[in-house]
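Peer 1: Here is my input, please return the structure:
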Amino acid sequence: MPGKNSMNRNFLIPIGVFFSIGWLASLSILEREAFAVENLKAGDPLPAFSLPRADKEGEYKSDQLKGRPAAIVFWRPHQSMSLDALRDLKAVAQEISAGKLQVVAVDASNSPAEKVQAALASENLTFPILLDPQRTLYGKVGVIVAPTTLLLDAQGVLKFILASHPIQYRQVIRARLRFLLGEINEQQMSQEIEPTVFKIDQNLAAAWRMFNLGSKLQAEGKPDQAVAIYEKAISQAPSFSEARCALGFLKLAAGDLDAAAQHFRTALANNPTLPLAQLGWSAVLARTGEDRKAEQILLSLIGQQSIASRVRYELGRIYKARGETDKALTFFQDALAAVFPEPVPPAARPAAPAAGREEASKTSSPPAQASRGPSKPTALASEGGKDAGPTAQEKSDLFGIAPVKPRSDARYLGVSGCKKCHFQQWKTWQETKMANAFKMLMPGAGSELKSKRKLDPNKDYSTAAECLGCHTTGFGFPGGYPSPSAGDASAAALAKENAGIGCESCHGPGAGYMPIHKEILDKKRPYKQQELLDAGQFKVDGQVCAACHNDKAPCIEKGYLFDFEKRKAEGTHGHFTLQFQAK
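Peer 2: Take a look at the predicted model:
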């Protein structure tokens, strides 16, 4: 009977969610179905319903599901497994073609529409999001654990149930929907659901063991022995790109450019998107007179953290050879900062007021990665963990305004992380020049301004390092904007998230302070701005803006003076009263 034992079920849901991580994870896909819902089983018709939508005005009725196979997921806002299930359903619908099936998400937490909308603000879902304010459908189905996914045939009959979000979730959902669509038979569905068994290539396994030995010998300062081992690895597995790259770099260090080029070319032929092979090939190009090609490849790799120091070193070599000493120095310093970061615990790094920065210790430390703008890097930490402050020359260059820069251990989270709670600010920011700053780097954009500054209006500046620092967010830092390599999906996603001057450009990289924001919101506790500043959030003032708004930028006229109050009023985002801030 729908709704029976509702009190017990409501009490058990958090327990079910908890056990879905451990206990349910140990069950097979079929065994999970028995623990997903109380009142339905495979072969039952879905109970009729009419529920309000959270994503738009109006009601959604069960009759709308008939005619095509459908997936209904009961989920909870701000529950990570639920959000993962929604993302997987979106991906499956796109893979299969959304026109062939229907996907519907039903809130299982009895949350208001505003909470549901906030949880999904950055997800870009295209299927209906339903509210169940009286828990009507929830009770009729007898949902035990969230997320729970029901798969229906075209007549609205329940065929499959999947509890929680197991590792195979997307694989299982895709196979079962393809079965319901008639694209595969039952045996093929079972084969798609079963984990794939890979046959181990014994030659490649032996080559990897040799590669590891070669790496160990190289680390011990025995390059000749390492070369011999890498060559054996390649003879065992000729397409082993990592071993070819390791050998290529050793040949490069020995001055054997022809041998290095051969290994890097072969590695790229086998794995065209391997960053290490691209780096090695660019190093060969730079040493054989093709520095422009090398520069473009290296700039596309700037966001690859595993090779960060070598990429910046190679760029420094190129700019030094061209006589661009300031630019070369910046990249050499960045290369050092990537190798020797200066992690300082947040508690040891109180945010200094403006006057304190002017009088801070002159003891410098290795410079941090280049962040934003063309100004020279400033040391970020000194004894006691306080800002070392800019040099007198740097202050003079910026008309007395010392730019604030991210710490060397900064990590960016992207605008979507801020949008979830600060939707109004995000919405008004979208219309600003700052949000669209990256578009100005495209050919034909801002032609009048570019021509006035003696820049080629038809040139593509979207990979120019001297421009990306001030037209993107977090360029060169973990989580920030990378120049995406061809075929690199993760870099492309970061680029999309950080194109333009986003929230963290002005408020600082969010990894340090975002958890505090969340804790304040969850506990609804008062806070003071200083605790956020101590965690790395910027105090937004002229010093933050000075990193880019200075006459060293190629698109700004000489003698330019930045008016912070004027620009804040006309070009940022809407400003709204923040909750919980203590007076």
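Peer 1: can you count the residues close to Phe580?
Peer 2: 11 (other Cβ atoms under 10 Å). Placement of C-beta: from N, CA and C, glycine included.
Peer 1: and it, what does it touch?
Peer 2: Under the criterion of Cβ atoms under 8 Å, 6 or more residues apart in numbering, the neighbours of Phe580 are Ile520, Leu521, Lys524, Arg525, Pro526, Tyr527.
Peer 1: With neighbour count, secondary structure and distance to Ala445 added, can I get the residues you listed in a markdown table?
Peer 2: Converted to a markdown table, the contacts of Phe580 look like this (neighbours: other Cβ atoms under 10 Å; DSSP: H, G, I helix; E, B strand; the rest coil; distance: Cβ to Cβ, whole Å):
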| residue | neighbour count | secondary structure | distance to Ala445 |
| --- | --- | --- | --- |
| Ile520 | 18 | helix | 39 |
| Leu521 | 12 | helix | 38 |
| Lys524 | 8 | coil | 44 |
| Arg525 | 10 | coil | 45 |
| Pro526 | 11 | coil | 45 |
| Tyr527 | 17 | strand | 41 |
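Peer 1: Looking at these, which is nearest Gly444?
Peer 2: Leu521 (42.7 Å; Cβ to Cβ).
Peer 1: Next one, pLDDT for that closest one please.
Peer 2: If you check Leu521, the pLDDT there is 76.
Peer 1: ok, back up a step: any chance of the contacts of Phe580 in a markdown table, plus distance to Arg453?
Peer 2: Shown next, in a markdown table, are these (distance: Cβ to Cβ, whole Å):
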| residue | distance to Arg453 |
| --- | --- |
| Ile520 | 43 |
| Leu521 | 43 |
| Lys524 | 49 |
| Arg525 | 49 |
| Pro526 | 48 |
| Tyr527 | 43 |
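Peer 1: Identify the bridge partners of the nearest residue to Ala108 once chain neighbours are set aside.
Peer 2: Closest residue to Ala108 apart from its sequence neighbours, by Cβ to Cβ, 6 or more residues apart in numbering: Phe74 at 4.2 Å. When assigned by DSSP bridges, Phe74 has beta-bridge partners Val106, Thr148.
Peer 1: For His575, give me its contacts.
Peer 2: His575 touches Gln425, counting by Cβ under 8 Å, 6+ apart.
Peer 1: For it, what is the enclosing helix or strand?
Peer 2: Assigned by DSSP states H and E, His575 falls within no helix or strand.
Peer 1: what do you get for Ser416?
Peer 2: helix 415-419.
Peer 1: residues in contact with that helix?
Peer 2: By Cβ under 8 Å, 6+ apart, the residues outside helix 415-419 that reach it are 121-122, 425-426, 473, 497-498, 502-504, 507, 510, 514.
Peer 1: Quickly find the element holding the residue minimising distance to the centre of the chain.
Peer 2: Nearest residue to the geometric centre of the chain (Cα atoms, centre = their mean): Leu494, 4.6 Å. Counting by DSSP H and E, the element that carries Leu494 is helix 489-498.
Peer 1: following that helix, which helix or strand comes up?
Peer 2: Helix 489-498 is succeeded, C-terminally, by helix 503-507 (DSSP H and E).
Peer 1: That following helix: which residues count as buried?
Peer 2: Neighbour-count burial for helix 503-507, with 16 or more other Cβ atoms under 10 Å as criterion, is recorded at Cys503, Glu504, Ser505, Cys506, His507.
Peer 1: now swap in stretch 173-185 and tell me
Peer 2: For stretch 173-185, a neighbour-count test (16+ other Cβ under 10 Å) marks Ile173, Arg174, Ala175, Arg176, Leu177, Arg178, Phe179, Leu180, Leu181, Ile184 as buried.
Peer 1: The fourth one in helix, strand or coil?
Peer 2: Counting by DSSP: H, G, I helix; E, B strand; the rest coil, the backbone at Arg176 sits in helix.
Peer 1: Please report how far it lies from Pro77.
Peer 2: From Arg176 over to Pro77 the distance is 26 Å, taken as Cβ to Cβ, to the nearest Å.
Peer 1: likewise the last one?
Peer 2: Distance, Ile184 to Pro77, by Cβ to Cβ: 34 Å.
Peer 1: Just list the residues touching the closest residue in space to Gln425 that isn't next to it in sequence, thanks.
Peer 2: Of all residues not flanking Gln425 in the chain, His573 sits nearest, at 4.8 Å (Cβ to Cβ, 6+ apart). Contact partners of His573, counting by Cβ under 8 Å, 6+ apart, are Gln425, Trp426, Thr428, Trp429, Thr432.
Peer 1: and His573, that's in a helix?
Peer 2: No. Counting by three-state DSSP, His573 falls outside a helix, being coil.
Peer 1: Phi, psi for it please.
Peer 2: Here is the backbone geometry of His573 (degrees, to the nearest 10): phi -150, psi 170.
Peer 1: can you pull out the helices in the stretch 101-250 of the chain?
Peer 2: Along the stretch 101-250 of the chain, the segments classed as helices by DSSP state H, counting those that start in this stretch run 113-119, 136-141, 169-180, 186-193, 202-219, 223-236, 241-253.
Peer 1: can you list these in a markdown table and add mean pLDDT and distance to Ala328?
Peer 2: Listed next are these as a markdown table, based on pLDDT from 0 to 100; distance: least, Cβ to Cβ, whole Å:
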| stretch | mean pLDDT | distance to Ala328 |
| --- | --- | --- |
| helix 113-119 | 88 | 47 |
| helix 136-141 | 93 | 63 |
| helix 169-180 | 92 | 47 |
| helix 186-193 | 88 | 54 |
| helix 202-219 | 88 | 27 |
| helix 223-236 | 93 | 27 |
| helix 241-253 | 94 | 20 |
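Peer 1: Can you check which of the ones you listed gets nearest to Leu441?
Peer 2: helix 241-253 (31.3 Å).
Peer 1: what packs against that closest one?
Peer 2: Contact partners of helix 241-253 among helices and strands, from 3 or more Cβ pairs under 8 Å, 6 or more residues apart in numbering; DSSP states H and E: helix 202-219, helix 223-236, helix 257-270, helix 275-286.
Peer 1: Output the contacting helices and strands for the longest one.
Peer 2: Packing partners of helix 202-219 (3+ Cβ pairs under 8 Å, 6+ apart): helix 223-236, helix 241-253.
Peer 1: Which residue lies closest in space to Leu268, excluding its sequence neighbours?
Peer 2: For Leu268, the spatially nearest residue (Cβ to Cβ, 6+ apart) is Ala277, at 4.7 Å.
Peer 1: residues in contact with that neighbour?
Peer 2: Ser241, Arg244, Cys245, Gly248, Phe264, Ala267, Leu268, Asn271.
Peer 1: Over to Glu295?
Peer 2: Neighbouring residues of Glu295 by Cβ under 8 Å, 6+ apart: Ser282, Ala286, Leu315, Ile318.
Peer 1: Going by residue numbers, what spans are strands in the protein?
Peer 2: Secondary structure of the chain, counting by DSSP state E: strands at 50-52, 59-61, 70-75, 102-107, 129-130, 148-152, 158-163.
Peer 1: need these in JSON lines with mean neighbour count, can you?
Peer 2: Below are these laid out as JSON lines (neighbours: other Cβ atoms under 10 Å):
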{"stretch": "strand 50-52", "mean neighbour count": "16"}
{"stretch": "strand 59-61", "mean neighbour count": "14"}
{"stretch": "strand 70-75", "mean neighbour count": "24"}
{"stretch": "strand 102-107", "mean neighbour count": "23"}
{"stretch": "strand 129-130", "mean neighbour count": "22"}
{"stretch": "strand 148-152", "mean neighbour count": "25"}
{"stretch": "strand 158-163", "mean neighbour count": "21"}
